[in-house]
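Asker: Quick one, what's the 3D model for this:
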Amino acid sequence: QVQLVETGGGLVQAGGSLILSCAASGRTFSLSYVGWFRQAPGKEREFVAAVAWNGGTTYYADSVKGRFTISKHDAKNTVYLQMNSLKPEDAAVYYCAADRTIGVYSRSPTTADYWGQGTQVTVSS
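Answerer: Numbers count the residues shown, from 1 in each chain. Coordinates of the predicted model:
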């Protein structure tokens, strides 16, 4: 089992920045990818960004490319999502997700094996 604990999030004005953290514990050696998804009210959960647990290859949704940066601290087993130039449409509950898939990253929430509890990001216009 793997446990994911998210911190960060909150209220920010449009154009501002926030950083989310996701600390992984347990059988982290089994992980292939760790990433972030988000879900706004009335919408489906969507991919935001991910990083390969070994190697560090990063993946981004087109909507956040150039504004968000995902990174990981190997010693802390923690993944960070730095969010800059936030827009009202970025407001959502953000979830950390861990994937044990071998091979190409799917960017789909259906392949995630573990989820964090979610953290709210609110962007005021």
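
Asker: Against Y80, how distant is the most centrally placed residue in the chain?
Answerer: Nearest to the geometric centre of the chain sits W36, at 1.9 Å (CA atoms, centre = their mean). With distances taken as CB to CB, to the nearest Å, W36 is found 10 Å from Y80. Placement of C-beta: from N, CA and C, glycine included.

Asker: which neighbours do the two share?
Answerer: Contact criterion CB atoms under 8 Å, 6 or more residues apart in numbering; residues bridging W36 and Y80 by contacting each: 20, 22, 70.

Asker: In contact with the first one, which residues are there?
Answerer: This means L20. 6-9, 36, 80-81, 83, 94, 96, 119, 121.

Asker: And the second one, by the same measure?
Answerer: Residues touching C22, when contacts are defined by CB under 8 Å, 6+ apart, comprise 4-6, 34, 36, 78-81, 96, 116.

Asker: Which members of the residues you listed are classed as buried?
Answerer: Among the contacts of C22, those classed as buried by 16 or more other CB atoms under 10 Å are 4, 6, 34, 36, 78-81, 96, 116.

Asker: Now flag whichever of these is closest to A61.
Answerer: Here the nearest of the buried ones among the contacts of C22 to A61, counting by CB to CB, is W36; it sits at 9.5 Å.

Asker: what's the nearest residue to that closest one if we skip its chain neighbours?
Answerer: V48 (4.3 Å; CB to CB, 6 or more residues apart in numbering).

Asker: Pretty sure the residue nearest to the centre of the chain sits against I70.
Answerer: Yes - contact criterion CB atoms under 8 Å: W36 and I70 qualify, at 7.0 Å.

Asker: shared neighbours, these two?
Answerer: With CB under 8 Å, 6+ apart as the test, W36 and I70 both reach 49-50, 79, 81.

Asker: Redo those as JSON lines? Include pLDDT, distance to T111 and secondary structure.
Answerer: Listed next are these as JSON lines, based on pLDDT from 0 to 100; distance: CB to CB, whole Å; DSSP: H, G, I helix; E, B strand; the rest coil:
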{"residue": "A49", "pLDDT": "98", "distance to T111": "15", "secondary structure": "strand"}
{"residue": "A50", "pLDDT": "98", "distance to T111": "11", "secondary structure": "strand"}
{"residue": "V79", "pLDDT": "97", "distance to T111": "17", "secondary structure": "strand"}
{"residue": "L81", "pLDDT": "98", "distance to T111": "19", "secondary structure": "strand"}
